[in-house]
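Peer 1: take a look and give me a structure for this.
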Amino acid sequence: MGQHKKKLSLFAFFLLTVLTITLKTYFSYYVDFSLGVKGLVQNLILLMNPYSLVALILSIFLLFKGKKAYWFIFIGGFLLTFLLYSNVVYFRFFSDFLTFSTLNQVGNVDSMGGAVGASFKWYDFVYFIDIIVYLFILIFKHKWLDKRAFSKKFVPVVMAAAVALFFLNLAFAESNRPELLTRTFDHKYLVKYLGPYNFTVYDGVKTIQNNQQKALANEDDLTKVLNYTKQKRTKPNPEYYGIAKKKNIIKIHLESFQTFLVNKKVNGQEVTPFINKLSSGNDDFRYYPNFFHQTGQGKTSDSEFTMDNSLYGLAQGSAYSLKGDNTYQSLPAILHQQQGYTTSVMHGDYKTFWNRDQIYKHFGIDKFYDATYYDMSEDNLENLGLKDKPFFKESANYISKEKQPFYTHLITLTNHYPFTLKEKDASIPKPDTGDSTVDGYIQTAHYLDQSLEQFINDLKKKGVYKNSVIMIYGDHYGISENHNNAMEKLLGEKITPAKFTDLNRTGFWLKIPGKKGTVDHTYAGQQDVMPTLLHLLGIKSNNYLMMGTDLLSKDHNDTVPFRNGDFVTKDYKYVNGRIYSNKDNQPVTKKPKDFERRKQQTVKDLEMSDNVLNGDLFRFYKNPDFKKVKPSDYNYKSGPKGEEKKK
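Peer 2: Take a look at the predicted model:
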């Protein structure tokens with residue numbers, strides 16, 4: 001008689017599933033996620049954090065009998081794998097992790113199909129090998145499975161062990177990162193210390209709390225924020241106050257532009273020759289090389305939001321998508337009420353993208369020139385939508401017909417990930433970094449530069465340039481840290497965490513009629529633009545709630561907070577829990593005297609801004625200088641040209 005073959009028990013299948021999911025998670029930590037792990041304690045935390053929730057969830061299915069129990073464990077394992085892999089793909093594009101809030105932005109995926117597609121990698125099969133093997137066993141080799149039930153009295157023991165492991169993990173995390181769950185804004189920290197699965201649970205709890213915050217908010221919450229922002233106010237610079245009263249305002253949004261491109265040459269050719277000229281200090285523009293983006297998961301929409309509201313985007317998701325029904329006191333509405341401006345936005349994408357057609361009404365924007373106002377024929381399209389040259393050409397015609405004084409905001413598209421360009425539009429050779437994203441970025445940035453030059457020349461021809469304040473800014477980084485190896489080849493230097501923070505400079509160019517250009521090395525962020533512009537127009541800002549301060553004020557606050565809780569100053573930067581000198585990007589051994597004050601300001605800024613948005617606090621504000629906007633007064637009709645592409 002042959003020996004009876006030993007079958008795979010349910011508990012063994014459970015352990016195998018937990019082990020393979022954990023191994024995949026480790027693989028993602030070291031291959032796809034940039035978590036900034038350092039030291040023995042952080043590596044130990046990384047080793048233990050995937051187990052607890054995976055084991056706890058899958059242990060529930062040990063209570064079932066027979067083949068059904070195996071299938072439930074398999075399905076649970078598949079869903080956890082799907083969650084992990086979704087985070088991997090999302091991280092490659094956004095350098096962030098999925099949250100419940102971002103699921104509300106899923107409508108944007110159709111318009112960003114190319115960008116999402118570029119986030120898949122050849123080795124992604126690693127994440128699904130175990131799924132394929134287990135599925136094969138369940139369907140074709142189920143005789144290998146031991147159908148006997150697992151002893152139910154041991155299930156609570158397994159669950160208790162998983163819970164105990166979680167609290168051990170949390171204890172290590174809190175010892176290494178105090179106030180992790182209460183004062184941490186950076187999702188990378190949370191995933192590093194808790195793992196992607198526990199992070200999802202944490203995010204769910206935070207999402208519920210934030211949704212409840214609006215119902216519980218009251219005028220006292222608003223008073224606290226107003227008292228805080230009053231302390232931050234600065235006196236306007238008398239040399240500039242009111243100098244641009246009732247001048248036209250043209251705000252130009254350079255998609256994914258980073259200032260390392262300024263004066264950068266590739267194969268002996270300048271990447272951005274026109275922007276180089278604007279940055280020289282010898283043109284009409286005041287150039288701020290130490291100007292940083294402050295966006296979170298909302299990226300482009302966050303930059304728009306911060307520039308027009310002097311508030312930060314949300315820690316999870318986009319304010320445009322999640323807080324589109326809030327009450328606001330935005331720059332366009334203030335300009336209309338105070339000095340009779342007509343206001344508009346021009347963009348070569350369709351108006352529903354990022355919920356713009358709804359939130360713009362709450363900002364008091366009069367007209368939205370979306371894709372339906374432009375020639376959207378196939379030859380004019382690239383990547384996400386209308387190419388910048390035809391966009392600027394048609395926009396210049398619309399601007400010349402705007403009722404003055406006007407405020408108009410132009411949003412470009414071509415220099416967007418994954419940075420594709422047809423050969424006929426490419427007029428600079430690609431570098432050879434071996435990374436298609438970085439190589440393509442050089443070509444699309446060069447095209448953007450040419451488009452901007454064409455537009456500025458058109459404004460001059462149409463007689464609009466001279467009488468206008470022109471603001472140009474990069475909205476957020478274009479090259480994420482996932483491409484650091486290629487960037488090191490391009491820049492010829494090591495990309496450390498401190499250096500990557502330097503690369504978050506996106507630049508700000510400001511043309512003030514009657515003033516000569518210069519290079520201003522002031523440290524600033526997107527939150528500072530709104531108060532700066534109000535003072536240039538001679539609008540008193542005392543009663544407006546703003547987190548930023550006037551760039552031209554002698555009392556300007558030069559702490560630049562980032563959405564993840566890091567910050568930068570003119571002397572040093574705080575990144576991933578460490579302080580680095582700006583001179584050489586080396587760690588600082590002695591804590592600067594003003595460090596705690598600036599760190600507390602960063603935390604307070606983010607908390608207060610979040611309170612405003614989550615509590616919809618502007619609804620309580622009776623501002624003597626502002627009349628609440630009625631969204632129903634605005635209706636964005638479609639233009640006569642483009643027809644939305646069939647999805």
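
Peer 1: ranges for the strands of the stretch 501-647 of the chain?
Peer 2: 508-511, 518-519, 524-525, 560-561, 567-568, 572-575, 578-581 (DSSP state E, counting those that start in this stretch).

Peer 1: ok, the second one: who's next to it in the sheet?
Peer 2: In this case it means strand 518-519. Using DSSP bridges, strand 518-519 pairs in its sheet with strand 285-288 (parallel).

Peer 1: I'd like the average pLDDT over the helix or strand just after the strand it pairs with.
Peer 2: From strand 285-288 onward toward the C-terminus, using DSSP states H and E, the following helix or strand is strand 291-292. Across strand 291-292, pLDDT averages out at 98.

Peer 1: return the distance of strand 291-292 from the chain's centre.
Peer 2: 14 Å (CA atoms, centre = their mean, to the nearest Å).

Peer 1: could you do stretch 11-21 as well?
Peer 2: Counting by CA atoms, centre = their mean, stretch 11-21 comes out at 36 Å from the chain centroid.

Peer 1: now residue 211: how far from residue 13?
Peer 2: 38 Å (CB to CB, to the nearest Å). (C-beta placed from N, C-alpha, C; glycine too.)

Peer 1: over to residue 316?
Peer 2: 35 Å.

Peer 1: now residue 61
Peer 2: For residue 61 relative to residue 13 (CB to CB), the value is 10 Å.

Peer 1: just the pLDDT for the closest residue to residue 188 other than its chain neighbours.
Peer 2: Among residues not flanking residue 188 along the chain, residue 35 sits closest, at 5.6 Å (CB to CB, 6 or more residues apart in numbering). At residue 35, the pLDDT value in this model is 78.

Peer 1: kindly report the same for residue 109.
Peer 2: pLDDT, residue 109: 52.

Peer 1: repeat that for residue 485.
Peer 2: We note a pLDDT of 94 for residue 485 in this prediction.

Peer 1: same check on the one 4 residues further on?
Peer 2: For residue 489, the pLDDT comes out at 96.

Peer 1: and the residue nearest to it when sequence neighbours are not counted, how far is that from residue 495?
Peer 2: Among residues not flanking residue 489 along the chain, residue 433 sits closest, at 4.5 Å (CB to CB, 6+ apart). Between residue 433 and residue 495 the distance, using CB to CB, works out to 12 Å.

Peer 1: need the overlap of contacts for these two.
Peer 2: residue 487 (CB atoms under 8 Å, 6 or more residues apart in numbering).

Peer 1: assign residue 375 to helix, strand or coil.
Peer 2: Of the three states, residue 375 takes coil under DSSP: H, G, I helix; E, B strand; the rest coil.

Peer 1: what separates the residue nearest to it when sequence neighbours are not counted from residue 373, distance-wise?
Peer 2: Among residues not flanking residue 375 along the chain, residue 641 sits closest, at 5.6 Å (CB to CB, 6+ apart). Look at residue 641 and residue 373: by CB to CB, they are 6 Å apart.

Peer 1: same question, residue 187
Peer 2: 37 Å.

Peer 1: what is the closest residue to residue 278 other than its chain neighbours paired to in the beta sheet?
Peer 2: Excluding its sequence neighbours, the residue lying closest to residue 278 (CB to CB, 6+ apart) is residue 285, at 4.6 Å. Legend: beta-bridge partners of residue 285 under DSSP bridges are residue 511.

Peer 1: sketch out the low-pLDDT regions of the protein for me.
Peer 2: Applying pLDDT under 70 to the chain flags the ranges 1-5, 101, 104-118, 178-179, 181-186, 642-647.

Peer 1: tell me the domain ranges of it?
Peer 2: Under the assignment automatic domain parsing, the domains of the chain span 10-213, 237-414+440-557+613-633.

Peer 1: in stretch 129-149, what counts as buried?
Peer 2: By neighbour count on 16 or more other CB atoms under 10 Å, the buried set for stretch 129-149 is 130-131, 134, 137-138, 145-146.

Peer 1: residues making contact with it?
Peer 2: 7-10, 13, 17, 20-21, 24, 64-67, 69-71, 74, 77-78, 81.

Peer 1: now the residue nearest to residue 489, what's its secondary structure?
Peer 2: From three-state DSSP, the assignment for residue 433 is coil.

Peer 1: my read is that it contacts residue 484, right?
Peer 2: No. Applying CB atoms under 8 Å, one finds residue 433 not in contact with residue 484, separated by 10.9 Å.

Peer 1: what are the ranges of the helices in the stretch 1-150 of the chain?
Peer 2: Secondary structure of the stretch 1-150 of the chain (DSSP state H, counting those that start in this stretch): helices at 10-31, 39-48, 51-59, 66-94, 100-103, 113-117, 129-140.

Peer 1: run the chain-centre distance for the fifth one.
Peer 2: Its chain's C-alpha centre and that of helix 100-103 lie 13 Å apart, by CA atoms, centre = their mean.

Peer 1: just the helices of the stretch 1-150 of the chain: most buried one?
Peer 2: Of all the helices of the stretch 1-150 of the chain, helix 51-59 has the most neighbours on average by mean count of other CB atoms under 10 Å, namely a mean of 22.

Peer 1: that one packs against which elements?
Peer 2: helix 10-31, helix 66-94, helix 155-176, helix 187-216 (3 or more CB pairs under 8 Å, 6 or more residues apart in numbering; DSSP states H and E).

Peer 1: show me what contacts the residue nearest to residue 291 when sequence neighbours are not counted?
Peer 2: Closest residue to residue 291 apart from its sequence neighbours, by CB to CB, 6+ apart: residue 508 at 3.9 Å. Contacts for residue 508 (CB under 8 Å, 6+ apart) come out as 287-288, 291, 471-473, 524, 529, 551.

Peer 1: what is the nearest of those residues to residue 544?
Peer 2: residue 529 (13.3 Å; CB to CB).

Peer 1: report the contact partners of the residue nearest to the closest one when sequence neighbours are not counted.
Peer 2: Once flanking residues are discounted, residue 529 sits nearest to residue 307: 5.0 Å by CB to CB, 6+ apart. Counting by CB under 8 Å, 6+ apart, residue 307 touches 251, 331, 473, 526, 529-530.

Peer 1: what does residue 359 give?
Peer 2: Contacts of residue 359 by CB under 8 Å, 6+ apart are 319-320, 323-324.

Peer 1: that one in helix, strand or coil?
Peer 2: Bear in mind the rule, three-state DSSP; under it residue 359 is helix.

Peer 1: quick one, which of the strands of the stretch 501-647 of the chain is nearest to residue 302?
Peer 2: Using CB to CB, the nearest of these to residue 302 is strand 524-525, at 11.7 Å.

Peer 1: what helices and strands are in contact with the closest one?
Peer 2: strand 291-292, strand 560-561.

Peer 1: neighbouring strands - and their directions - for it?
Peer 2: The strands beside strand 524-525 in its sheet (DSSP bridges) come out as strand 291-292 (parallel).

Peer 1: partner residues bridging residue 343?
Peer 2: residue 407.

Peer 1: ok, it - how many residues close by?
Peer 2: By other CB atoms under 10 Å, the residues close to residue 343 number 25.

Peer 1: what do you get for residue 264?
Peer 2: For residue 264, the neighbour count with other CB under 10 Å is 17.

Peer 1: what residues does stretch 78-91 touch?
Peer 2: 21, 24-25, 28, 32-33, 54, 57, 96-98, 102, 116, 119-120, 124, 127-128, 130-131, 196-197, 200, 482.
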